[in-house]
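In: Based on what follows, work out the 3D shape:
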Amino acid sequence: MRPDGMRVTNLSPIVQALPHIMPRRFDAQNWASDYVDEDIVKGFIRQKRREGQHVTHMSVLVAAYYKAALEHPKVNYFIMNRKIYKRNHFCFSFVILKTRADGTPDETTLKIFLEPEDNVFSISRKIKENVELNQNRVHNNSTDKFANMAFRIPGLARFVFGLAYHLDLHGLLPRKIIDLSPFHTSLFITNLASINTSYIFHHCYEFGTTSVFVCMGKPVPDPLAPAGSRKKHMPLGVVMDERIATGIEYSRFFAAFERYLKKPELLECRLDGKAALAGM
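Out: Residues are numbered from 1 along each chain as shown. You can find the predicted model right below:
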């Protein structure tokens with residue numbers, strides 16, 4: 001047992017062997033491109049805003065990812081110390097831009113926990129509230145404060161992060177530190193479209209438990225659209241830890257993920273589907 005997950009033992013021998021064959025996360029990274037139909041998502045966002053609901057590209061993408069993950073929970077597994085764990089929650093981390101008092105740009109990392117009863121609207125509210133809370137010109141969230149404290153004394157940062165790494169390796173890192181760390185997350189997502197930049201394939205961090213990293217790039221013309229069409233799609237750069245799920249399991253997950261991005265209206269109800277079942 002770890003504070004953030006339970007070890008999975010009922011796995012096939014080859015799956016159990018993978019963390020020993022590839023003990024490091026960067027050894028086990030697979031890269032894949034995916035695409036979001038920009039016309040569908042943008043149309044959904046505009047329609048919801050006309051109805052008085054605030055929705056963004058990120059909230060739609062996260063909602064689709066989480067709904068697919070509820071149906072295919074192995075994408076929420078993680079590897080630690082050559083062992084496979086099932087995470088006991090779902091959260092996602094992302095970076096926001098902020099401005100220092102002297103006008104120079106700065107960044108801070110946020111982490112948001114989700115629940116099965118969430119939908120695209122509640123996820124959007126959580127993102128908006130957390131971003132607004134952390135837009136101050138000073139480092140005011142717990143992660144920033146912890147980092148500032150660690151770097152204030154020479155040599156302390158190396159000791160603190162080295163200790164955290166080894167405690168985490170053996171399941172002894174306190175839950176409060178895990179909840180604080182943006183690197184202990186179900187999904188790390190970055191929106192490079194917000195700074196008009198193309199997507200990249202971002203590595204999954206060796207520190208922490210990140211198993212999937214998704215990067216949103218700026219929308220570009222759809223090369224498969226008819227000549228003269230103004231249709232666009234948003235490219236995604238996806239990096240996955242191949243040890244947490246087999247190819248067919250990843251395939252089924254991404255098929256569901258793409259299905260919900262093509263029909264974002266399915267994200268308006270509880271993402272676990274219970275509300276829809278209760279109404280039948």
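
In: Residue ranges in the stretch 1-150 of the chain under the pLDDT threshold?
Out: For the stretch 1-150 of the chain, the stretches flagged by pLDDT under 70 are 99-103, 136-150.

In: for the strand or helix carrying Ile177, packing partners?
Out: Secondary structure assignment for Ile177, by DSSP states H and E: helix 175-180. Applying 3 or more CB pairs under 8 Å, 6 or more residues apart in numbering; DSSP states H and E, one finds that helix 175-180 contacts helix 142-152. For every residue, glycine as well, the C-beta is placed using N, CA and C.

In: Tell me both backbone torsions, phi and psi, for the residue nearest in space to the middle of the chain.
Out: With distances taken as CA atoms, centre = their mean, Leu187 lies nearest the centre of the chain, 2.3 Å away. Phi and psi for Leu187, reported as degrees, to the nearest 10, are phi -150, psi 130.

In: picking that back up, pull the distance from the helix holding Ile177 to the chain's centre.
Out: 17 Å (CA atoms, centre = their mean, to the nearest Å).

In: Extract the C-alpha trace of that helix and format it as CSV.
Out: Provided in CSV are the C-alpha atoms of helix 175-180 (Å, rounded to 0.1, in the frame of the first residue of the first chain):
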residue,chain,number,x,y,z
ARG,A,175,0.1,11.9,1.4
LYS,A,176,0.3,15.6,2.1
ILE,A,177,3.6,15.8,0.0
ILE,A,178,2.1,13.7,-2.7
ASP,A,179,-1.0,15.9,-2.9
LEU,A,180,1.3,18.9,-3.1
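
In: buried ones in that helix?
Out: 178, 180 (16 or more other CB atoms under 10 Å).

In: dump the residue contacts of the residue nearest to the centre of the chain.
Out: The contact partners of Leu187, by CB atoms under 8 Å, 6 or more residues apart in numbering, come to 62, 65, 91-93, 210, 212-214.

In: what's the following helix or strand after the helix or strand containing Phe92?
Out: Taking DSSP H and E as the criterion, Phe92 maps to strand 90-99. As assigned by DSSP H and E, the chain's next helix or strand after strand 90-99 is strand 105-114.
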